[in-house]
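> Have a look at this fold, sequence not included:
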């Protein structure tokens, strides 16, 4: 899909109270950015969610401990090496590199959390990272977030970074806030997150419990509602840091208003970032929104949505711009649940292609094929068996997906 | 993969008491064979298993009813049209075409079961089929099975047909028997069968309950232990017909011996046919056997095996001949179960590549990469947490898979 790199202006991508940087440490052989740093200038509250894969990379083990200790003020992220399946040595490496940065920043040990993405099974090049950290720290800047987002990229074709501003006010005071998020991820993507790192900072002064809840809720409809290849990874992490002083909000009304507006904006921000992941999915030429409605319950809606969205046959039909709805029927038929797949209606855009499980004929297919020529389109499946809904974003399965992943390490 | 068409001699592919034929009815635009027929010359007992997909094609609905009525003596199979998602009209079409053949064969209505494979959602061209049935019936021959196997092919690149002979004897009598099976299937393949039709005939005189049990057991380790793309279909059926007279075996000993030897041979035959499906998988360049051992229970062994075997990232690595074991670790980590993925050993052939979840280094990877250059290789994953095992056959995910499926209907 089209890159959006050129459209981004680093001076627009700032968040008061935070600085960031990106540098090339030499992990990536081509000399591109591969080491990033985000630092809070004031005390922060931090929330994080982690992969549901049972194989955890070393940096996640270290990060979880440090987030729980409430000691975090910075994130050190590298691409090109996942530091996963590296045993106790990998944990030592994650600690050594982050402790070195903590020392450079005059933060307590445990003040920096590690995050890594790239090839599984290789040892982290600690010396390269420690050497590069010196210049990384010295180049920290309020306008460094775009470089940091670039430093996280692996098979990503463009940096994924979004900023929103919002205000919370009552009758007396109106305050403006910023929320800035970046994400990397292009393959090994499915719900429960996968080879996906995301860091979000805000100057809105929020309590830790508010952050925890807001983040858990926001990932459900964003990072956990996308899929590229149905594979999850060992390294996923989303970190949310809130700066500012929660004591500064003087009234319960303002606090409540701020929390509400913040949640709304976090939801939108993470959805925007999730959308960028699928749009930039490995080899993706299509971004398809699968809407399930009329499901008997949320679980069934989600099961059907992901079964369709992950089907290689459905996804190759997207690539071929072929409204091959039989494959959607076949995918739906694999799902148990209190619904009858033979009663389903299927829409491509606003074209009713299948009614009660039966095709509406060649003219409808031709109109659906026209819709599929767009880069982005929607498919709606109405199970007509209840009121539950679920929406998932997916990409097509293209020749380039195979090329990228067959050659990834060579 | 290499075609085995040239190696097959129709005169070698016979089973006493059965005849078959294949013809071109015009369903396929290129004029290749698309209509097949298998007929028993004597009364037969019939067992069948059907897709576990909840969306059933019309021919399956008709076939199930007729198998249960014990009235079957023939199978009419077409390719190029699945007669699925075609509503009540599809059921009428399936009945009309098979009843026409029953009439031509002087069989009672319900004597012929329909089977179809191809595009979902199009109506069966009844007139074409009925017209072609006349010549189909007149060309029935003991050496017609290879043509029938060809007439079932869709994206299959070669006909898949296997014959075995076996004998059952006690001290007094020795009798020779034949079992002949054919299968089609190359995509939409995963356990619980998918876009897969298989017909097996034998002159061994077996009771229906023996057939039922033997078939149910044999599919577990054959058709239900392969995967190409993880998608199941609406049209799968396996039919087993036994000719001869069960009364002819005069002693309980001979009957018991026959049943035992038959089951052994059916198991092997279906495994051979299943192997041909994966070998001829859409775009497949590799046939990979995934062995799980040391699992706490059969379900976990099966879950891990299929998760690895269906992972697009693992399968593209097979295509790229890249021993990217981190993707196997990632796939394993998605499975719940009473085992620790970080304790697993992973072998490529006899090369230990991962020990206790940690890579054994670049030299082992180089040797594993050599093994992956073969068309067929094994991967063994030892979970070291029990005694259960499971084996699944899978293919790689190649550029040609995408090309085949993106262009399937065009």
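That came in fine, so what should we check first? Bear in mind the structure is a predicted one, so any value in this text is a computation, not a measurement. Numbers count the residues shown, from 1 in each chain, chains lettered A, B, ... in the order given.

> so where do the helices sit in chain A?
Taking DSSP state H, the helices of chain A run over residues A:58-68, A:87-104, A:126-138, A:145-151, A:208-220, A:252-279, A:298-310, A:312-319, A:325-332, A:362-372, A:399-406.

> what's the spacing between the fifth one and its chain's center?
To tie it back to what came earlier, the one meant is helix A:208-220. Remark: helix A:208-220 is offset 14 Å from the chain centroid, using C-alpha atoms, centre = their mean, to the nearest Å.

> mind listing what the closest residue to chain B within the stretch 201-350 of chain A touches?
At 2.3 Å from chain B, residue A:326 is the closest residue in the stretch 201-350 of chain A, using C-beta to the nearest C-beta. Bear in mind the C-beta positions are built from the backbone N, C-alpha and C, glycine included. Shown in contact with residue A:326 (C-beta atoms under 8 Å, 6 or more residues apart in numbering or on different chains): A:359, B:82, B:84, B:85, B:119, B:120, B:121, B:234.

> Now intersect those residues with the strands, please.
Taking DSSP state E, the ones among these that sit in strands are residue A:359.

> JSON lines for the contacts of residue A:326, including distance to residue A:102 and neighbour count?
Below are these laid out as JSON lines (distance: C-beta to C-beta, whole Å; neighbours: other C-beta atoms under 10 Å in any protein chain shown):
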{"residue": "A:359", "distance to residue A:102": "62", "neighbour count": "22"}
{"residue": "B:82", "distance to residue A:102": "62", "neighbour count": "28"}
{"residue": "B:84", "distance to residue A:102": "61", "neighbour count": "29"}
{"residue": "B:85", "distance to residue A:102": "61", "neighbour count": "28"}
{"residue": "B:119", "distance to residue A:102": "61", "neighbour count": "17"}
{"residue": "B:120", "distance to residue A:102": "59", "neighbour count": "28"}
{"residue": "B:121", "distance to residue A:102": "61", "neighbour count": "26"}
{"residue": "B:234", "distance to residue A:102": "58", "neighbour count": "29"}
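
> any low-confidence regions in the stretch 51-200 of chain A?
Regions of the stretch 51-200 of chain A meeting the criterion pLDDT under 70 cover residues A:170-174, A:186-195.

> List, one by one, the residues from it near chain B.
Counting by C-beta under 8 Å from any C-beta of the partner chain, the stretch 51-200 of chain A comes close to chain B at A:53-55, A:82, A:84-87, A:119-122, A:187-188.

> and stretch A:332-346 with chain B, contact?
Yes - Stretch A:332-346 reaches chain B (C-beta under 8 Å from any C-beta) through A:332, A:333, A:334, A:335, A:336, A:341, A:342.

> before we move on, back to that, which single one of the residues of the stretch 51-200 of chain A next to chain B is nearest to chain B?
Looking across those and measuring by C-beta to the nearest C-beta, the closest to chain B is residue A:120, at 2.4 Å.

> With adjacent residues omitted, what lies nearest to the closest one?
residue B:326 (2.4 Å; C-beta to C-beta, 6 or more residues apart in numbering or on different chains).

> Mind putting the residues of the stretch 51-200 of chain A next to chain B into TSV with distance to residue A:219?
As requested, these are exported to TSV (distance: C-beta to C-beta, whole Å):
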residue	distance to residue A:219
A:53	15
A:54	18
A:55	20
A:82	21
A:84	21
A:85	25
A:86	26
A:87	29
A:119	25
A:120	23
A:121	27
A:122	28
A:187	19
A:188	17
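
> hang on, isn't residue A:393 packed against residue A:223?
No - counting by C-beta atoms under 8 Å, residue A:393 stays clear of residue A:223, with 10.3 Å between them.

> what do these two both touch?
Joint contacts of residue A:393 and residue A:223 (C-beta under 8 Å, 6+ apart) are residue A:274.

> Kindly provide the distance from residue A:258 to residue A:296.
Applying C-beta to C-beta, to the nearest Å, the value for residue A:258 to residue A:296 is 38 Å.

> Settle it for me: which of the two has more neighbours?
Neighbour tally, residue A:258 and residue A:296, criterion other C-beta atoms under 10 Å in any protein chain shown: the higher count belongs to residue A:258, 24 against 15.

> In contact with the more buried one, which residues are there?
Contacts of residue A:258 (C-beta under 8 Å, 6+ apart): A:168, A:175, A:177, A:204, A:205, A:206, A:249.

> cool, residue A:274 as well?
A:183, A:222, A:223, A:225, A:226, A:393.

> Name all residues that make contact with the first one.
With contact set as C-beta under 8 Å, 6+ apart, residue A:183 has these partners: A:160, A:161, A:196, A:197, A:198, A:199, A:223, A:273, A:274, A:276, A:277.

> okay, now the last one: neighbour count?
Residue A:277 has 29 neighbours, counted by other C-beta under 10 Å.

> Just give the nearest non-adjacent residue to it, would you?
Residue A:277 sits nearest to residue A:185 (C-beta to C-beta, 6+ apart), 4.5 Å away.

> Tell me how many other residues surround that neighbour.
Neighbours around residue A:185, by other C-beta under 10 Å: 32.

> and the stretch 251-400 of chain A, which of its residues are near chain B?
So the stretch 251-400 of chain A meets chain B at A:310-313, A:316-317, A:319-320, A:322, A:324-327, A:329-336, A:341-342, A:354, A:356-359, A:397-399 (C-beta under 8 Å from any C-beta).
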